[in-house]
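**Student:** Predicted coordinates and the sequence they were generated for:
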Amino acid sequence: MGSVSVTDLAAILGAIVLAGLGGELFFKGVLGTAAALRLPKLLVATGLAAFATSSPELIVSTVAALAGQPEIGLGDALGSNIANIALLFGLALLFGPIRVERNEFGRDYSIALAIPILTLWLAREGVISRNEGALLLLLFALWIGLLIRSGLAARALVADTEPVDQECSSQSLSKSLVFSLLGLAALMLAGKLFVNGATGVASAFGVDNYIIGATVVAFGTSLPELVTVLLARIRGHDDVGIGTLLGSNLFNGMAIVGVAASIHQIVVPPMEIAMTVGACVLALLLLIPNRREVIGRHRGPILLLVYSVFIAATVFVGRAT
């Protein structure tokens, strides 16, 4: 066990500050884009915002796969999905219950629940092949097609159904996109700083690569979603937070794992992926709204417990193997 570097600690602190500044710009950009394009905030968050906030995972998984280590990308993508649902949703629910619209929430939720189960089935023999990666990319393309279709249908109705955000309604599309890009750049830099600093700390304690990918790297690359969701709760735009998390999970599960496996077949550690998928499915089941279309506040601590148990179990199994 080595010593923890001051540089690593400074990188983590800098990441937190940068994430706050970038998150504010990115959030304003998402709201402004939705208003300028006359699209529901939930749809913009599920598509554009989720794609943007999943960019760090895409970069990590692609670089790792090209380097012949796609397992890091797999651990990052699946670990980020658990962070998104169990940790981020758990933290969001601490602020109070979340109301959802079943007709808008249901489709993406059902797909988000099916994808990890499919991933576990694909990995049943210990390998996710290039052909199976291509299958995930095909499913991703079909989902994008559904999003585009929903966007075209919703645009004609949004003026009558979507409440106007006074702060962002006067923003032009170009200004909103600039805010989004600047905010995203700051968030991605924050994620990189956090990953570098936290990976250095984890390495000093002798933690192996898969565990670092599924925990430290996964949390660092989930920083954009974390900041977006917390700002959405504080500002009263829960649909942005929900859409960003579900959309990010779908990007991670289909596009990111698909890209990594298409570049280089992934040799899967069976026990680790089974635990990861199990924790992800359990967390998603805890998001099923009640009859009043509300996700209760009491589920927040339960989700945080699920995430804590997952981290502890992953570290334990990783060290045991």
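**Tutor:** Alright, I've got the coordinates. These numbers were taken from a predicted model, which means no experiment stands behind them.

**Student:** Student question: in the protein, what's the helix or strand with minimum average pLDDT?
**Tutor:** None of the helices or strands of the chain scores lower by mean pLDDT, DSSP states H and E than helix 158-161, at a mean of 50.

**Student:** measure the closest residue to residue 19 other than its chain neighbours to residue 311 for me?
**Tutor:** Distance criterion C-beta to C-beta, 6 or more residues apart in numbering; nearest residue to residue 19, sequence neighbours excluded, is residue 190 at 4.0 Å. Bear in mind the C-beta positions are built from the backbone N, C-alpha and C, glycine included. Remark: distance between residue 190 and residue 311 (C-beta to C-beta, to the nearest Å) = 21 Å.

**Student:** neighbour count winner among those two?
**Tutor:** residue 190 (27 against 21; other C-beta atoms under 10 Å).

**Student:** Surely the more buried one touches residue 25?
**Tutor:** No - contact criterion C-beta atoms under 8 Å: residue 190 and residue 25 do not qualify, at 11.9 Å.

**Student:** circling back: list the residues that contact the residue nearest to residue 19.
**Tutor:** Residue 190 makes contact with 14, 15, 16, 18, 19, 22, 223, 224, according to C-beta atoms under 8 Å, 6 or more residues apart in numbering.

**Student:** before we move on, what about residue 14?
**Tutor:** Here residue 14 is in contact with 190, 193 (criterion: C-beta under 8 Å, 6+ apart).

**Student:** Mind doing that once more with 6 Å?
**Tutor:** residue 193 (C-beta atoms under 6 Å, 6 or more residues apart in numbering).

**Student:** pLDDT wise, what is it at?
**Tutor:** With respect to pLDDT, residue 14 scores 80.

**Student:** how close does it sit to residue 190?
**Tutor:** Residue 14 is 8 Å from residue 190, by C-beta to C-beta.

**Student:** Other residues contacting stretch 252-266?
**Tutor:** 54, 57-58, 61-62, 65, 70, 73-74, 77, 80-81, 115, 127-130, 133-134, 136-137, 139-140.
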